[in-house]
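> Fold the following, please.
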Amino acid sequence: MTSFPRTVTSLACLSLGLLGAGLAAADSYPAKPITLVVPYSAGGPTDVVARTLAAAMGRTLGQTVIVENKLGAGGTIAAAHTAGAKPDGYTFLIHHNGMATAPALYRKLNYKPLADFDYVSQVIDVPMTVVGRKDLPAKDFRELQAYAKAQGNKLNLAHAGLGAVSHLCGMLLTQAMGVDLTSVPFQGTGPAMNALLGGQVDLLCDQTTSTTPFIKANSVKLYGVTTASRLKSLPATPTLAEQGLAGFQLVVWHGIYAPKNTPKEAIDKFGTALRTALKDPEVAKRMADLGAIIPADDKLSPQGLQTWLEQETQRYAPVIKAAGQFAD
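The predicted structure follows:
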């Protein structure tokens, strides 16, 4: 007669034990280093953002956040790698506008940006700058536009590879200027900047996180910024809109993604560590010095990033279609 209560008690203890083990497993995350995949080269603008954040996030998480540069195909190799990674909370991807442009730029894409990832948060918005080699004859953007028209396709513009945001910026810029620049792809904006510094290429449209140190060192010639208003970090520099390209505006936004079906506990903890890092005074100062802008709180969430990606995907599709350029 006493066996039933004992059995119930045993089952209850077992259930509590399993529940406790589950809670312990959730509480123990992360139990090992986390990989943050970057689609572009070390030293490039997205890499600078990733490494700055990774160091601060590691302190909150109690584990190292390892930055892994996985280059190629305008960020699609890194995105595909992350989409196919084990959804255990130990692989994340930081990517910029390229997540929104890929469906239009690539006719054969082996992942679906809107369906194959879980969303963590937006990260940072970064203005872009148009810079040229130091000895380029044009003194300002108006002179550059006239010079480019006179040179025809003899003037070239470097970018980080087909599908990269520097490629998108260059594509929009040449359309707006009404010129025919020769496109020169590189494996990342780091190598593209090195080529510009060495005088092998004429122009580059790149993020302030990459160009600001060279601008302040007077190593390149600055022709304008791509934002609607002037930047606090470069207050004397006029926007492209001020200099004749009415309505021209392009800001690079970044988001962090995880493989689909990543545990919510991992996404929540990684997201919390990210938001903590963005509030760190040293990180905030570093980002401000580079001209980067921390998004509003409503964007620093999974839903904020998902909504933004959906809007940006719809925004870029007709622009890329009109240009008639594909990356594959």
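
> so what does the helix or strand containing Ala158 touch, helix or strand wise?
Element membership of Ala158 [criterion: DSSP states H and E] is strand 156-159. Strand 156-159 sits against helix 165-177, strand 182-185, helix 189-197, strand 203-207, with contacts defined as 3 or more Cβ pairs under 8 Å, 6 or more residues apart in numbering; DSSP states H and E. Any C-beta I mention is one placed from the backbone N, CA and C, and that applies to glycine too.

> Any buried residues in the longest one, and which?
Using 16 or more other Cβ atoms under 10 Å as the test for burial, helix 165-177 gives Val165, Ser166, His167, Leu168, Cys169, Gly170, Met171, Leu172, Leu173, Thr174, Ala176, Met177.

> can you check the second one too?
For strand 182-185, burial by neighbour count (16+ other Cβ under 10 Å) applies to Val184, Pro185.

> quick one, helices of the stretch 101-250 of the chain?
141-151, 165-177, 189-197, 208-216 (DSSP state H, counting those that start in this stretch).

> so which of these gets nearest Leu250?
In terms of Cβ to Cβ, the element of these nearest to Leu250 is helix 165-177, at 5.6 Å.

> Could you list the low-pLDDT ranges of this protein?
Along the chain, the model assigns pLDDT under 70 to residues 1-27.

> center of it - which residue?
His96 (2.8 Å; Cα atoms, centre = their mean).

> quick one: it from Leu155, how far?
Remark: distance between His96 and Leu155 (Cβ to Cβ, to the nearest Å) = 26 Å.

> List the residues that contact Tyr257.
The contact partners of Tyr257, by Cβ atoms under 8 Å, 6 or more residues apart in numbering, come to Ala79, Thr82, Phe92, Leu93, Ile94, His95, Met99, Phe117, Asp118, Tyr119, Val120, Leu305.

> Need those residues in a markdown table (columns: neighbour count and distance to Lys139).
Converted to a markdown table, the contacts of Tyr257 look like this (neighbours: other Cβ atoms under 10 Å; distance: Cβ to Cβ, whole Å):
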| residue | neighbour count | distance to Lys139 |
| --- | --- | --- |
| Ala79 | 26 | 40 |
| Thr82 | 26 | 44 |
| Phe92 | 26 | 44 |
| Leu93 | 27 | 41 |
| Ile94 | 26 | 37 |
| His95 | 28 | 36 |
| Met99 | 25 | 37 |
| Phe117 | 27 | 45 |
| Asp118 | 19 | 49 |
| Tyr119 | 21 | 45 |
| Val120 | 24 | 44 |
| Leu305 | 26 | 41 |
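
> need the residues you listed in JSON lines with distance to Ala160, can you?
Converted to JSON lines, those look like this (distance: Cβ to Cβ, whole Å):
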{"residue": "Ala79", "distance to Ala160": "15"}
{"residue": "Thr82", "distance to Ala160": "19"}
{"residue": "Phe92", "distance to Ala160": "21"}
{"residue": "Leu93", "distance to Ala160": "17"}
{"residue": "Ile94", "distance to Ala160": "15"}
{"residue": "His95", "distance to Ala160": "13"}
{"residue": "Met99", "distance to Ala160": "15"}
{"residue": "Phe117", "distance to Ala160": "22"}
{"residue": "Asp118", "distance to Ala160": "26"}
{"residue": "Tyr119", "distance to Ala160": "24"}
{"residue": "Val120", "distance to Ala160": "23"}
{"residue": "Leu305", "distance to Ala160": "22"}
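
> can you tell me which of those residues are in strands?
Judged by DSSP state E, strands contain the following of the contacts of Tyr257: Phe92, Leu93, Ile94, His95, Phe117, Asp118, Tyr119, Val120.

> Closest to Leu204 out of those?
Using Cβ to Cβ, His95 comes nearest to Leu204 of the ones in strands among the contacts of Tyr257, at 20.4 Å.

> Who is that closest one paired with across the strands?
Counting by DSSP bridges, His95 is bridged to Gly255.

> can the helices and strands packed on strand 156-159 go into CSV with extra columns for distance to Lys321?
Output for those, formatted as CSV (distance: least, Cβ to Cβ, whole Å):
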stretch, distance to Lys321
helix 165-177, 12
strand 182-185, 18
helix 189-197, 25
strand 203-207, 21
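
> Nearest to Ser219, out of the ones you listed?
Of all those, helix 189-197 comes closest under Cβ to Cβ, at 5.9 Å.

> buried residues in the closest one?
Thr189, Gly190, Pro191, Ala192, Met193, Ala195, Leu196, Leu197.

> For stretch 276-283, measure first residue to last.
10 Å (Cα to Cα, to the nearest Å).

> Which residues does it contact?
Contact with stretch 276-283 is made by Thr52, Leu53, Ala56, Met57, Thr60, Val123, Ile124, Ala284, Met287, Ile294, Leu300, as judged by Cβ under 8 Å, 6+ apart.

> Skip the chain neighbours and tell me the closest residue to the third one.
In space, not counting the residues next to it along the chain, Ala56 is nearest to Ala277; the distance is 3.6 Å by Cβ to Cβ, 6 or more residues apart in numbering.

> and the one you found, how many residues sit next to it?
Using other Cβ atoms under 10 Å, Ala277 is surrounded by 23 other residues.
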